[in-house]
Structures are given as structure tokens and as C-alpha cells.
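# Show me the folded form of this:
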Amino acid sequence: MLKSKTFLKKTRAGGVMKIVREHYLRDDIGCGAPGCAACDGAHEGPVLEPQPLDPASSLCPRPHYLLPDTNVLLSQIDVLEDPAIRNVIVLQTVLQEVRNRSAPVYKRIRDVTNNQEKHFYTFTNEHHRETYVEQEQGENANDRNDRAIRVAAKWYNEHLKKMSAENHLQVIFITNDKKNKEKAIEEGIPAFTCEEYVKSLTANPELIDRLACLSEEGNEIESGRIIFSEHLPLSKLQQGIKSGTYLQGTFRASRENYLEATVWVHGDTEEEKEIILQGLKNLNRAVHEDIVAVELLPKNQWVAPSSVVLHDEGQNEDDVEKEEERERILKTAVNEKMLKPTGRVVGIIKRNWRPYCGMLSKSDIKESRRHLFTAADRRIPRIRIETRQASALEGRRIIVAIDGWPRNSRYPNGHFVKNLGDVGDKETETEVLLLEHDVPHQPFSQAVLSFLPKMPWSITEKDMKNREDLRHLCVCSVDPPGCTDIDDALHCRELENGNLEVGVHIADVSHFIRPGNALDQESARRGTTVYLCEKRIDMVPELLSSNLCSLRCNVDRLAFSCIWEMNHNAEILKVRFTKSAINSKASLTYAEAQMRIDSAAMNDDITTSLRGLNKLAKILKKRRIEKGALTLSSPEVRFHMDSETHDPIDLQTKELRETNSMVEEFMLLANISVAKKIHEEFSEHALLRKHPAPPPSNYEILVKAAKSKNLEIKTDTAKSLADSLDRADSATFPYLNTLLRILATRCMMQAVYFCSGMDNDFHHYGLASPIYTHFTSPIRRYADIIVHRLLAVAIGADCTYPELTDKHKLADLCKNLNLRHKMAQYAQRASVAFHTQLFFKSKGIVSEEAYILFVRKNAIVVLIPKYGLEGTVFFEEKDKPKPRLIYDDEIPSLKIEDTVFHIFDKVKVKIMLDSSNLQHQKIRMSLVEPQIRGISISADTPNMDIDEPERKKKKCEK
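Alright, predicted model coming up:
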């Protein structure tokens, strides 16, 4: 049966176009119930159980299927995902609405419907002759969809009666819409709210905790005091943004101060890119990463970013007066120049809530079901949840979702989702940091693994098509110890004409990962391999990363080679690119390669090749630095693990050798050569990498810090910065130059991937190169796979495909890769921080020399060179007399009593693990030297209560 819908549409040119949509209705769509004679097995995908043995419900004791409406799917997805809930009918109407309203929930519901054990059945009611409904005159789309859902529920109940009279199978309609429920009951459909149904499942009381808390009024605090101003409706916000009254941007909460945030304004203009918000009322219930509308305050109300460190650690959840007192601390007299555009949130355009990992702060009130949850991410406000299992969840890492934030509640309301495990447990903490940084880490699915080559694998004649055989060359790889995903190998040999041939050979991952298949899509989604201290989250399955694509020694491997002809002065005479087959003659560590180069006794082909490469690399590096490339520094640490317990037993900064630099120089050269080639060939859709020059304001802290040590740092160009860093030496303070380079690194912008057709500025500031890309690590970076595909098309070694030459799709891909890259970096830092805590837990209290990196109003941030460890020494502590602090932002300096601290001053600190807050266990640092009365402690003073969680003070009985 065919229905058609006709409507008129106005075109851009001002004309009118008639559109006819055809809608087919069918009789052969199955109901999903096995054994239904009427449907005769016309079911697609997973089906419902013939006799649903779901948990016993006191409301509906008969066997039944559930049919939820759209809002239940959107708000109660955590309940639906629970293993106790099975046999659910998901209507096409509901699925379409969910798809339009929330992509993450849509993905989750698709995953559930694909899970055979859950017995979720998708029923295409919009194409079933008996369940399709047309929109009536005067009826809005929402009401029409509600009616379509009720019609389908009624049809199901009547249809199942025909199936078997003695079966007593029912379909229960689940809706939280009061009117919809009333109408359903009038029409004879058994209907309940999600809460009613879940509470009726007496055998599964834990499900109640997973209910999203929806009625905002019912869950507000008893006082009923309005704390926040009302959010404006979306229509008013859009009007205001259009007229310029409001600005739209991304809300970024501060990690250091819970009463402060910034909003990054969306748009092309650089002016007013960042707006500062201070105080609870101005933050107005926005949560980190929300898209908000802000109103700029008058200039006389503008403030400067606060230098105070404030964490929300109060037990009394609604002490608003105390918050107001804290807000006054933020507003100190500041220089006019430091004032920043300041605003307040007037409405939320889009909530970007996600499930949050953290811990329960159990209520002091006995038998209370209401508790506060503290997220692991300090930028997330505490969340009030209701749970009956608080005692079991204490000291555990849990996941909680936010449901809403009423105007008269100090904190948002949420619900419990999942228990991850014990705090401090290595597996649990690793899971938390992966979830918190949104690192995809589930095992690869069967669909993905099905695209891997069958073992045993060897190079075939077909593989050698459009490929050079370079297996005779003396190629070797140089990597960190224990590396199994070897991306790159090198060779250097003298040619008959006296010149040198140098080759960089990169694993040919794009040969195994073909465009568009499940393996390719999963690699693109992951974007990068994530290296944690003890674990590697691979971007591609292990068969490729550690075997077939890894350029191990003495095995034939497929590669993509970049081969230069150079003279002895490292000047490039010719460059060519080719797909190749290689056989590496040695897999060396940096230390082994260095030993070969330095050993006079060794003169074999591999060593000769390494010496040639090293000599050229030194020339290349010198030339690069002369052009203005920066040599920056960051304290990187390496852990030595206990072979049995896998706990860190030693911690030291990484040692860099000449061979590290040698490999780096040729990787940079290959990346630049490939970038030029793909841009020549594909000027509009080359995937490149750029590093923007930092704005001058970024360098203020560096310039001031150097000035305090009577040194001048010029920052007008990368070359002048590099030269002044080279000159900034002190005979009495050799570590000063390293500190300056560490500080300079902090001033830098993030390097990003971009599509050449969507940007004009290609320059890479840090490398002083006009063009750059990533080609040399395709096992661990998806960007390199795309670059390999572009290069393969450019040299005629492979064919193109539509997405490769679509600059908009490439720009979207770059956006995801930049996000994944950033999240991987943060996850790696979090892993180092956790392992550092484990190290100091076993090490006990130690005292070490440190240098000041930053001074704050009430603290100094120090770096301990021995461990490459950074930490904060606070000078204001709870329950201790406050010292006299004078902060000068111009120098910058901090005077405590009679002692003045400047950046780069040497101090001595005591380091210990502070476990008083289980949620945020941290390395705590206290000042040992210089001695300040009432502040400094002696190096051997133990802190008695540092390992014991602070006992909560019992509330005084009124």
C-alpha cells in the first residue's frame, strides 16, 4: 500500500518547489514474538522471548513485554541497559525521535538492541499498515507521535491475544508523561511510569538507584530558597545571540577554583574570545563543556582571573552564605590592565553532560538516602544522588549521571549508574582515567577483527604490485626498550657517485586497513594509541600493531619508503616515495645504537649506516635551529616496575641520547617532504599539521620570570625566542636554562591537524617549518594512515575514494583526531600521576630540592628535577593561623612574613602522599627551606594523620 505526502518548499532563489514523498505500508512486518502464527516468522534481528521470565513485578504479575516512549528512552537509558530489564519493544517512531534528540543515547540503544541476550525488538510501526497514523489537522508532531506510540501499544495487546488465549501475554506501556498515561489507560492499554514499574520489581531493589531523578520540584531542598536566576528559553537566547545582546560559547570550569570559569566564545573574531565568570550566581548551574549563552557585565563589574586556589570540600551541602564569603576573597584590588571581559550565564543552549566517575560522600545523617557524589574531575560540581546502598559504595569508585539542576538547589541531582571497584586498586583507577578522558578501550569487536588478514601471512605476488623490493638494503630500527609497535626503520649507504642515499621506511598500515570497513572506522574513532605507564590501548588490533605492521628484524614487512639522495652536507638533491618490501637487519634500542656508534671496534654495515645517519642528523638539526626551530623541555619521567607486583620501585627522568635526536631528525625530514608532496598533489584536501604562534600575552610569565633573574627573553619571532633561550645561561645556576625552556613550553599553543583547503596558515612555529604533516607513525596515529593514502594516490600506488577528497569530511576527521590526541595526552599524565602516588606510598616521606615554577596568591608551584615532579606548596591551611601574604603580580613574587619568593628560586620541600581525601589522593608538599616560622617544617617531621581519611565531624544535635 502506498501513501504519498505533498508539500511545498521555498528555494534559495525565491522559487517554490513541490515535493512528493512516498510512504510504503506493509503487511509482512513481524511483531517480534516467536511462535506468532499471524506474523509467520517475519522478524528481523533479535527477537523477544516466547515466555518472558522477567523479574516479578507486583504491578503486572502476568508475563509481559515493555514498550517505552521516547522520553523514557532518553532519560532512563541506564535502567534499560541493566541486565534485569529484557524483552523491550522499541518502536521506529521512538527510535527516530531519539536519533534526532541525542546521538549518544541513540548509539547506546542500538548497542542494546544488537545484544541477543537482552531481547530488545525494533518494530517498524511507521510502515505497518495497522499501526501507521497520519497527522491530523491541528495536531502537532509531538502529539501525533504520542498517538502513534499508543496505537502501536494497543495493536500489540490485541495482536498477542490472538496468538494464544492461555498465554496471557501483555504489552506494558511505560511513559513518564502524565497526559499520555491517562489517555493510554482510557484506551485500555496497561500503562505505568518508569518509576512505578521499577519500584514494583521487588527482586531488583538496586534498579531504583539507577532511576533518573526527573521531577525537579520534588527533589529540591526543603528550604525552597531560590539560589539561581531562571534560565531563559532557547527562543529568547537565539534572538539575543542574533542581536548581539548575548554571546554563545563553551563553558570551561576551573580545576583550581570552583567559583570561577571561562566561556570560550564561538565565532571568527579574535576579540572577546574568552569571558570570565566568577561566583555561583554568575556560573548559574552551567557544567563544564556545556554550550551556554552569556551576557557581558558592565565594565565597572569586570574582574581579573583569581590567583586563589579554592576546592569545594564543605560537608554542609547548602551553606550559601559561606560561598558568598568565599566569593569576596576572589575580588581583590587589581591593576586595571588585568581586568578581563566578565559575564554571567543567562541560559543553556546545549547540555554536554556525560557519566562521571568519582566517589560517594556519605551523608552524616543516619539512614539518609540522599548523599553527595564528588567527581574525580574537579571541574564537575558535586552531585546529589539517592541510593539505598551507600554503605556498600563507600570507598568505591562509582559512575553517576546528572538528571537536572533545580534553581533552589546548590548542587545538581543525579542517579547512580555503576560500581567500578575499590579506590586505589590499580585496575579500577586505570578504568577511571580511561573513562574520564573518554578513551575508547573496549576490546575490538568481531566485526572489526574480521577484516584482519588470515594467518599465517606472507608477502604475495599481488602485494608486490606497485611496490619496490628493498629487502637487500641494510635497514635497521631504533626505538625505546620494550617497544613492540615498531613504525619506522632507517638506512644510509654511499652511492657510486659519492653521494649518500638515506631512506626512512614506515610500516605500510594502509595496506591492511582499507577505507570504510569496520576496522578503518574503529581506528578513525580511536584516533591514536594511548600509552599509560603499564598499559597500551592500541588504535589497531595487536595482530597488526605488534606483528604484521611492526618492522621487526629478520622478517619481511611491507613499508612505505621516503628515499633521499643527499650530499655529505645533508643537502637534499632528490627525493622519491615508493611502496616497498623491506627486511630489517636489526631492532636496536637507543642505548644499543649509541653504543655501536661510539664503539671503535664495530665497523659492520649496520654500524656504518648508523654513523652516516648520525653525522647527517647533526647537520640537519643545526640547520633547523638556525632557522628558528625551538628546543624546548618538559620533565618526562620513567618508572621502573617490580617484575611481580608491577608497582613502581624507582622513578627517574628520561635520559636522552644522540640517537634519540638522530631518529627524530629523519622523522621530521620525512614528514616535511611528504607534506610538500601531498600538498602539491592535493592543494585542497591534504591533511597537514600546524603549530600556531602563541599570542604575545602567553609569554608574559616567561619574560617576567627571566627579568627577575636579570635575563632578557625576546619573543617577537621563534628565532629570537630560540636565540635568547640559548643566551640565557647562568654560571652559578646551570639548571636555570632548563627551567626557562620548561616555562617556554607552557606558553606554547597546541599543535593541530587541519585540512589544507579549510585554512591559510600552514606554518609550524615550533619546528620553524612552512609546512608539516604526520607520516611516520601509522600504527599509533590515524592521521598518518590518511597521509599514507594521499601519498599512495599521489604516486599512483593506490586508488582514491570519495571521502579522501572531501575537505569537509576531512575537517571533521581532523576535529576528532585533535580531541583524541589531547585526551590521550591528559590520560597519559593522569597515569603518571597515579603511579607517582604509588611510588611515594611505598617510598614514604622524602625531602628534595625544588625550583619555583609559578607563584600564586596563597601558594607556590614547584618542580623537583630528580623526579620530574611538579606540585603545589600551600601557605594557608584549614585550622591553622593564616600567615601574612603579599602577592605582587608584576614581578611576580609572593612575600610570606619576611621571606620573598620569586620564580626559579631554589627551595627544599618535603614530599608525601596525602590520603586524607580518598577521592583525590595527592602528593602533598610542605616547605622545609627556607625556614619560615609557623610555615616550614623540619625534614624529618612525620605527619601523623596523613594516611588516615579525615573523620567526619558528627553534626551537633539541635
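# tell me the domain boundaries of this protein?
Domain assignment for the chain by the TED database gives 26-210, 234-437, 446-689+755-825, 694-748, 844-929.
# okay, the ones you listed in CSV with mean pLDDT and mean neighbour count next?
Any C-beta I mention is one placed from the backbone N, CA and C, and that applies to glycine too. Supplementary listing: these in CSV, determined by pLDDT from 0 to 100; neighbours: other C-beta atoms under 10 Å:
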stretch, mean pLDDT, mean neighbour count
domain 26-210, 85, 17
domain 234-437, 82, 18
domain 446-689+755-825, 90, 18
domain 694-748, 83, 16
domain 844-929, 80, 18
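# Distance to residue 10 added to the ones you listed, as CSV?
Listed next are these as CSV, based on distance: least, C-beta to C-beta, whole Å:
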stretch, distance to residue 10
domain 26-210, 20
domain 234-437, 20
domain 446-689+755-825, 25
domain 694-748, 44
domain 844-929, 56
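# Report the beta-bridge partners for the residue nearest to residue 464 when sequence neighbours are not counted.
Nearest non-adjacent residue to residue 464, counting by C-beta to C-beta, 6 or more residues apart in numbering: residue 581, 6.6 Å away. Note on residue 581: beta-bridge partners by DSSP bridges are residue 469, residue 558.
# and residue 581, how far is that from residue 548?
For residue 581, the distance to residue 548 (C-beta to C-beta, to the nearest Å) stands at 13 Å.
# residues shared between the contacts of the two?
residue 557 (C-beta atoms under 8 Å, 6 or more residues apart in numbering).
# Remind me which helix or strand residue 830 belongs to.
Secondary structure assignment for residue 830, by DSSP states H and E: helix 807-843.
# Provide the strand pairings for the helix or strand following that helix, with the direction of each partner.
Next helix or strand after helix 807-843 toward the C-terminus (DSSP H and E): strand 846-855. Applying DSSP bridges, strand 846-855 is found paired with strand 859-864 (antiparallel), strand 906-914 (antiparallel).
# quick one: which of those strands is nearest residue 80?
strand 906-914 (40.7 Å; C-beta to C-beta).
# Distance from that closest one to the middle of the chain?
Mean-position distance between strand 906-914 and its chain equals 31 Å (C-alpha atoms, centre = their mean, to the nearest Å).
# Neighbouring strands - and their directions - for the helix or strand that that strand is followed by?
The first helix or strand that comes after strand 906-914 along the chain, using DSSP H and E, is strand 922-929. Sheet pairing for strand 922-929, assigned by DSSP bridges, gives strand 906-914 (antiparallel).
# how near is residue 484 to residue 273?
43 Å.
# next one: residue 504
In terms of C-beta to C-beta, residue 504 sits 39 Å off from residue 273.
# Repeat that for residue 773.
27 Å.
# Same question for residue 390.
Distance from residue 390 to residue 273, by C-beta to C-beta: 44 Å.
# Give me the distance between the residue nearest to residue 922 when sequence neighbours are not counted and residue 874.
The shortest distance from residue 922 to any non-neighbouring residue, by C-beta to C-beta, 6+ apart, is to residue 914 (5.4 Å). Per C-beta to C-beta, residue 914 is found 11 Å from residue 874.
# quick one: contacts for residue 490?
Applying C-beta under 8 Å, 6+ apart to residue 490 gives the contacts 475-478, 502-505, 609, 613, 663, 666.
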